[in-house]
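**Q** Mind folding the following:
(chains A and B)
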Amino acid sequence: MKKPLKFRLPKGQCWTIGVPYFWLLMFFALPFAIVLKISFSTPIISIPPYEPLFQYAEESLQIMLNLGNYLLILDDSLYYNAYLSSLKMATISTIGCLLIGYPMAYAIARAPKRNQTMLILLVMLPSWTSFLIRVYAWMGILSNNGVINNLLMWTGIISEPLQILNTNTAVYIGIIYSYLPFMILPLYANLSQLDGSLLEAAADLGSRSLNTFWKVTLPLSKGGVIAGSMLVFIPVVGEFVIPELLGGPDSLMIGKILWQEFFNNRDWPVASALAIVMLGLLIIPITLFHRYQAKEMEKTA
Amino acid sequence: MKKLNFSTVMLWAGMFFLYAPMFILVIYSFNESKLVTVWAGFSTKWYGELFRDQQILDAVWTSLQVAFYASTMAVILGTMAAFVMTRFARGWGKLTLSNMITAPLVMPEVITGLSLLLLFVHMADFFGWPAERGMLTVWIAHSTFCAAYVAVVVSSRLREIDRSVEEAAQDLGATPFKTFFAITVPMISPALVAGWLLSFSLSLDDLVIASFASGPGATTLPMVVFSSVRMGVSPKINALATLIILIVSLIAFISWYFARRADIKQRSSSA
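**A** Take a look at the predicted model:
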């Protein structure tokens, strides 16, 4: 009776591993290989708009690697500046999210147990409603005759409307607003596991609350800070929607440039090269995030 | 010691920051005026306009279909991957799988979208399929990135459950397949439902990946909203936004209510 069971187990295992494996290789790994390939090809005007890399003629396989796209990125200050301003935007927004999100996560983790789920739900709820619509809401608030300008003019603080929409300030507001829940969630997960007795011990030994925070709470929540920061930083570097809707012509972010190269200029090879360079810049934060995640999984396993 | 400390103040200020824009949006959706920011009296006429807009209605239907199929596929793929991540022996295969499945969580959307589009173009070149990008390609794209979220939700639940019940079932002669459906699935069902709902809302919300992966035949709701918002603010979109906020809050409230009831029941039975 035991034998068929033993035989079936490896077969079932095969399927359980095989199906998601095949799917991810097909729709996740292979696409990146293709992007890499196209980033080395020459743009032409046809469909598809690039030249093939491999040519087999007269019994010889010719591989043409065109480095022009990468040289163009290095050469043209437009791309260079866009990468720099994306990294700057991402850094400042991450710090902003951290400054607002950390105290919020801390307050939720210290709240009575029965309220915690409710509070976390309240934080997450906005991110379930459409991302696009929340960015859109800010368009109405920040515009020249929007709520903020109306309020400021009505109270007499200013006499002329402030130009907020279509500036980098608007992009920062939009990014911090949209990504705040992604910062709070890992921080809360980390802080709620914090052993309260350590804080008590610190207090018993005469530590003031601010001192305890710097010396005990913050170091212990390092994992949550890293996870939350990476969860904000990485997607913001490639952000397209927020700078497109809230930013002005001077808010050049690499996601926006990539989109324009691809859809407006139909220069697929340059768009691919832009994506590859972006991925290269993000290797370190992505590795950091994965390492944290693997550690978390080990802990709960 | 119950005093107002810094973090509590920040919590409520942060909550205000998160909710104020949405309240303003809801209020202005009842504005009579065509100019979004000038208040001209209460009216529901933009809701009427919204329901007469065939383009928006079609896009809603497309989005709902894609979201339904994508979240179903994502739950299947994500659960399988979560099973591999938590139950199988450590190894090279498991490591690459768990790296691949969680990668879309952080990958910038423009990169994911671009690479999928290029894949579909190549596939069409090699085997003539998919001949045209449309709902099917958006479905594939959404299933892939939603599976990442499902895998995370389900694997954390799989780690929590008591494995002795599964082992007992197998000792009593149930096949692994049967054990999975009769024992494991009911035990992880809250995570499966949560993963499905999360995928559904992620798929409904996605603009960037859908724009890359879809063709002329399939325009999703975010794509319609985006192209009309680019032209400027419109009261019709305010009405649409209000409806979306209303529906999502309702679903969230219902799921919170059921989760709480289940929690109370569990607590009283274990006490």
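**Q** What residues does the stretch 151-300 of chain A have near chain B?
**A** The stretch 151-300 of chain A has residues A:177, A:180-181, A:230-231, A:234-235, A:237-241, A:244-245, A:255, A:258-259, A:262, A:268, A:271-272, A:275, A:278-279, A:282, A:285-286, A:289-290, A:293-294, A:297, A:300 near chain B, with proximity defined as C-beta under 8 Å from any C-beta of the partner chain. Backbone N, C-alpha and C define where each C-beta goes, glycine included.
**Q** Recalculate using a threshold of 6 Å.
**A** A:234, A:235, A:238, A:240, A:255, A:258, A:275, A:286, A:289, A:300 (C-beta under 6 Å from any C-beta of the partner chain).
**Q** Closest to chain B out of those residues?
**A** Distance to chain B, by C-beta to the nearest C-beta, is smallest for residue A:238 among these, at 2.4 Å.
**Q** Any figure for the gap between the closest residue to that closest one other than its chain neighbours and residue A:285?
**A** With C-beta to C-beta, 6 or more residues apart in numbering or on different chains as the measure, residue B:108 is the residue that lies nearest to residue A:238, at 2.4 Å, once sequence neighbours are left out. To residue A:285, residue B:108 is 11 Å away according to C-beta to C-beta, to the nearest Å.
**Q** In terms of neighbours, single out the busier of these two.
**A** residue B:108 (24 against 19; other C-beta atoms under 10 Å in any protein chain shown).
**Q** before we move on, back to that, so of the residues of the stretch 151-300 of chain A next to chain B, which ones are in helices?
**A** Those of these mapping onto helices are A:234, A:235, A:255, A:258, A:275, A:286, A:289, A:300, per DSSP state H.
**Q** Check these and tell me the two furthest apart.
**A** Using C-beta to C-beta, these span at most 36.9 Å, a distance reached by A:258 and A:300.
**Q** In terms of packing, which of these two has more residues around it?
**A** Set residue A:258 next to residue A:300 and count neighbours by other C-beta under 10 Å: residue A:258 wins out with 27 against 10.
**Q** Contacts only, for the more buried one.
**A** With contact taken as C-beta atoms under 6 Å, 6 or more residues apart in numbering or on different chains, residue A:258 is in contact with A:271, A:274, B:110.
**Q** Roughly how far does the closest residue in space to the second one that isn't next to it in sequence sit from residue A:233?
**A** To tie it back to what came earlier, the one meant is residue A:274. Spatial nearest neighbour of residue A:274, excluding adjacent residues (C-beta to C-beta, 6+ apart): residue A:258 at 4.7 Å. For residue A:258, the distance to residue A:233 (C-beta to C-beta) stands at 18 Å.
**Q** sorry, back to before: only the buried members of the residues of the stretch 151-300 of chain A next to chain B: can you turn that into a PyMOL selection?
**A** Remark: buried members of these, expressed as a PyMOL selection using 16 or more other C-beta atoms under 10 Å in any protein chain shown:
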select buried, chain A and resi 234+235+238+240+255+258+275+286+289
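**Q** Output the residues of the stretch 151-300 of chain A next to chain B in a markdown table; the columns should cover distance to residue B:149 and pLDDT.
**A** Below are those laid out as a markdown table (distance: C-beta to C-beta, whole Å; pLDDT from 0 to 100):
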| residue | distance to residue B:149 | pLDDT |
| --- | --- | --- |
| A:234 | 15 | 93 |
| A:235 | 14 | 93 |
| A:238 | 18 | 91 |
| A:240 | 20 | 92 |
| A:255 | 21 | 92 |
| A:258 | 24 | 92 |
| A:275 | 22 | 93 |
| A:286 | 17 | 88 |
| A:289 | 15 | 86 |
| A:300 | 18 | 60 |
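**Q** Of all pairs in the residues of the stretch 151-300 of chain A next to chain B, which one is the farthest apart?
**A** A:258 and A:300, at 36.9 Å, using C-beta to C-beta across those.
**Q** Identify the residues contacting the host helix or strand of residue B:18?
**A** Under the criterion of DSSP states H and E, residue B:18 resides in helix B:6-28. Helix B:6-28 is contacted from outside by A:100, A:103-104, A:106-107, A:126, A:137-138, A:141, A:147, B:238, B:241-242, B:245, using C-beta under 6 Å, 6+ apart.
**Q** In chain B, which residue sits nearest chain A?
**A** Closest point on chain B to chain A, by C-beta to the nearest C-beta, is residue B:108, at 2.4 Å.
**Q** Tell me if residue A:156 really is in a strand.
**A** No - going by DSSP: H, G, I helix; E, B strand; the rest coil, the assignment for residue A:156 is coil, not a strand.
**Q** list the contacts for it?
**A** Under the criterion of C-beta under 6 Å, 6+ apart, residue A:156 has no neighbours.
**Q** so what's the nearest residue to residue A:19 once chain neighbours are set aside scoring on pLDDT?
**A** Leaving aside its chain neighbours, residue A:19 sits nearest to residue B:80 (5.7 Å; criterion: C-beta to C-beta, 6+ apart). Note for residue B:80: predicted pLDDT of 91.
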